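Visitor: What follows is a predicted protein model with its sequence.
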Amino acid sequence: MTEADKYLLTHKGLFFWSVLSTGYGTHLNTRVVMLQHSEKAGFFIFTKNNTRKLGQIEQNGFVTLSICPAGDNNNVVAHCSARVSAKKEDIEDVWTDKMLQFGYTGKDDERARIVFFTIHSVVHGREVYAGVPQDPHAFDIDRKAPLKPLPDGPYKDKEAMAAVRAAMDIDKNACLITWNALHQESRMMETIYSDEFGIAHATSGDSKKVKEIDANPNVNLLFVNKKDLSQVVVDAVCWVDRTLETKKKMWNDSLKTYGYAGPEDPKWVILRYALRSVEKHVISTNVPEVLVCEPPAYDRDTQIMYRASLTGKPCFLTTVDKEGIPHSRMMGGISFHPTLGFWMGSRFCKKAEQISQNPHTTITLYDDKTTDEYCFEVFCTMVQSPMFNYATFEDYLYSVGYTGPDDKNMWKITVNPTKAQMMNVNEFWEQANASRKK
């Protein structure tokens, strides 16, 4: 038994309220599960064969379990690999009759599945407990999986926000799940609301969660009602609002308890959310009610960027130095990973320094086959992560001087569009010439 296993077991009394986070594509999904442990099987949960978590684990076996101790500002977060089993011997090894109360007919129930967890590390505040080392070769998620299309209507934005407001009336504390490379991170946040900005969170501008959101704005929020065992799960796009105007409107004196002096205090920022969907889970049914929202501008922009990435064409990245002078250079192209999102490779050179100073950049790309021209305003971050590098490494990188995914000179630039435009040049000139003839 590893140190991570031992520490997680010290919180066994809270296993009934464990939070399981999974990824599917670039999105996240979160739910409360009843974690269990046995000396023979280790950590596991029971589930049924028709649950979505099984398909999500099949796509991406990297998951996170988190526990929220009462009165503790820090979640106990376990980074894990998950494995699903339908084997009769596995079910028999962990079966207890208490599972009958959750709708199972017995250990021969054909619907029963076991999800086993291998704990790689447990983090609680600043304490880190080592578990089973990860195999870096397991980071290879299907890279050819496409970006998910935008959902069709009918859209239920008002109903979705009303469901979140109702959950906040029960408990304003939400579990915020973010991406950290291929893993998920989890923490409790006190949610605030305004008619102008919707739901939001106030937080430290230099916090780990802010860095994670800057790199990947796809997040999940979980509200739990422990009285009736209901859950509200929010799939959203998050962005960090650092503007003084927003901070003045969102300020209230209760924020002083977190050490912020006032709206002008540069140490805090606002996390704002554009809702994609809201799921309402109740104990009486296995099928949640899903309220789909109109796609956020970010999702529409990513569809255009995905189309640009498929061209395989080089692009121009323009950054601005500390004197305000723009610098443009050709890059190999925009790459897409079905979990990590859009990225470009780089060494930590001048453009990296400029991105670190000012992450707002532009990318332009022209496809000479279709005469489509793309222009993106983007928010970039510099990332040096072994998991990121293993997940995206390809053999051609040896030819440009990298020694492998462990090369310390290998950085990634995450690319998140804030505005996207596409224009077909031939069509533009045809329309222009037709107007002249008139």
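Guide: All right, it came through fine.
Visitor: For the protein, give me the ranges with low pLDDT.
Guide: 284, 438 (pLDDT under 70).
Visitor: could you pull out the helices for it?
Guide: 3-9, 52-59, 88-94, 157-170, 208-215, 244-250, 297-310, 350-357, 386-392, 425-437 (DSSP state H).
Visitor: Nearest to residue 370 among those helices would be which one?
Guide: Set against residue 370 and scored by Cβ to Cβ, the helices of the chain come closest in helix 425-437, at 8.6 Å. (Each C-beta comes from the backbone N, C-alpha and C, glycine too.)
Visitor: Please put the alpha-carbon coordinates of the closest one into PDB.
Guide: The C-alpha coordinates for helix 425-437 follow below in PDB (Å, rounded to 0.1, in the frame of the first residue of the first chain):
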ATOM      1  CA  VAL A 425     -10.800  35.300 -50.600                       C
ATOM      2  CA  ASN A 426     -12.100  34.100 -54.100                       C
ATOM      3  CA  GLU A 427     -15.700  34.700 -53.000                       C
ATOM      4  CA  PHE A 428     -14.800  38.100 -51.600                       C
ATOM      5  CA  TRP A 429     -13.300  39.300 -54.900                       C
ATOM      6  CA  GLU A 430     -16.100  37.800 -56.900                       C
ATOM      7  CA  GLN A 431     -18.600  39.700 -54.900                       C
ATOM      8  CA  ALA A 432     -16.500  42.900 -55.100                       C
ATOM      9  CA  ASN A 433     -16.200  42.600 -58.900                       C
ATOM     10  CA  ALA A 434     -19.900  42.000 -59.200                       C
ATOM     11  CA  SER A 435     -20.600  45.200 -57.200                       C
ATOM     12  CA  ARG A 436     -18.300  47.100 -59.500                       C
ATOM     13  CA  LYS A 437     -20.100  46.000 -62.600                       C
END
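Visitor: which residues touch that helix?
Guide: Residues from elsewhere that reach helix 425-437, judged by Cβ atoms under 8 Å, 6 or more residues apart in numbering: 366, 371-373.
Visitor: How many neighbouring residues does the closest residue in space to residue 112 that isn't next to it in sequence have?
Guide: Excluding its sequence neighbours, the residue lying closest to residue 112 (Cβ to Cβ, 6 or more residues apart in numbering) is residue 91, at 5.4 Å. The burial count assigned to residue 91 is 20, neighbours taken as other Cβ atoms under 10 Å.
Visitor: Run through the residues that contact residue 91.
Guide: So residue 91 contacts 85, 107, 112, 114 (Cβ under 8 Å, 6+ apart).
Visitor: pretty sure the first one contacts residue 112?
Guide: Yep, that's residue 85 we're talking about. No. Applying Cβ atoms under 8 Å, one finds residue 85 not in contact with residue 112, separated by 9.8 Å.
Visitor: Looking at these two, which one has more neighbours?
Guide: Comparing residue 85 with residue 112 by other Cβ under 10 Å, the one with more neighbours is residue 112, at 21 against 17.
Visitor: Just grab the bridge partners of the more buried one for me.
Guide: For residue 112, the beta-bridge partners under DSSP bridges are residue 48.
Visitor: Show the contacting residues for it.
Guide: 46, 48-49, 86, 91, 104.
Visitor: with those residues in mind, which one is nearest to residue 305?
Guide: For those, the nearest to residue 305 is residue 49 (36.4 Å; Cβ to Cβ).
Visitor: Now for the nearest residue to the closest one once chain neighbours are set aside, how many residues are close by?
Guide: Of all residues not flanking residue 49 in the chain, residue 111 sits nearest, at 4.9 Å (Cβ to Cβ, 6+ apart). Using other Cβ under 10 Å, residue 111 has 13 other residues around it.
Visitor: The one 3 residues further on now?
Guide: Residues contacting residue 114 under the criterion other Cβ under 10 Å number 20.
Visitor: Does it touch residue 90 like I think?
Guide: Yes. Using Cβ under 8 Å, residue 114 is in contact with residue 90, at 5.2 Å.
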